[in-house]
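Engineer: With the sequence up front, the predicted model follows.
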Amino acid sequence: LIVLKIFGGIYLLYLAVRAARNAMTPDTAPSTGPARADTPPSPAALYRHGLIMHLANPKAVLAWIALVTLGLGAEASWHDVATILAGCAVLSVTIFGGYALVFSTAPMISLYRRARRGIEGVLAVFFGLAGLRLLSSRV
């Protein structure tokens, strides 16, 4: 538990530093996505980038694992497992598909570009305080 707490606190401080750097970065020409090239990335490249980002997020993976273990008991059948996994898949596609549709609209892109530095600043403070609190807490 102590090792997890230390690594978690250090990771939160790392996120705070990254968010603070992003908040201090002036708004220049908008990036074109994961490729950051002159030509827009293909839909497949955008999908691959989003999938890797989501699957590499330990919080998301652990949350889904916790959800599945809460829904299954020791006497769960294969049918129960399949039902929960199918439900999680439908939820994921629905939620993240909805995010993609909403946040890819011109008004939302414009709103985010205007609010980006403030959002990153708030995240920097939040992550920094959470990391310090985690590191300074007693087990």
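Structural biologist: Alright, I've got the coordinates. Numbers count the residues shown, from 1 in each chain.

Engineer: going forward, measure contacts and count neighbours with C-alpha atoms only.
Structural biologist: Fine.

Engineer: Mind jotting down where the helices sit in the chain?
Structural biologist: Counting by DSSP state H, the segments of the chain that form helices are 2-24, 43-55, 58-71, 78-103, 106-136.

Engineer: Kindly report which one of the ones you listed carries the lowest mean pLDDT.
Structural biologist: Here these differ in mean pLDDT, and the lowest is helix 58-71 at a mean of 76.

Engineer: Kindly spell out which helices and strands sit in contact with it.
Structural biologist: When contacts are defined as 3 or more Cα pairs under 8 Å, 6 or more residues apart in numbering; DSSP states H and E, helix 58-71 packs onto helix 78-103.

Engineer: The helix it packs on - contacts with which helices or strands?
Structural biologist: Secondary-structure packing of helix 78-103 (3+ Cα pairs under 8 Å, 6+ apart): helix 58-71.

Engineer: Buried ones in the helix it packs on, by neighbour count?
Structural biologist: Buried residues in helix 58-71, counted by 16 or more other Cα atoms under 10 Å: none are found.

Engineer: who's in contact with that helix?
Structural biologist: Under the criterion Cα atoms under 8 Å, 6 or more residues apart in numbering, residues His54, Leu55, Ile84, Leu85, Cys88 lie in contact with helix 58-71.

Engineer: Buried only: go through those for me.
Structural biologist: For the contacts of helix 58-71, a neighbour count by 16+ other Cα under 10 Å gives the buried set as Ile84.

Engineer: Could you work out the most separated pair of the contacts of helix 58-71?
Structural biologist: Maximum pairwise distance in the contacts of helix 58-71, criterion Cα to Cα, is 19.5 Å, between His54 and Ile84.

Engineer: Tell me who's in contact with Leu85.
Structural biologist: Taking Cα under 8 Å, 6+ apart, we find Leu85 in contact with Val68.
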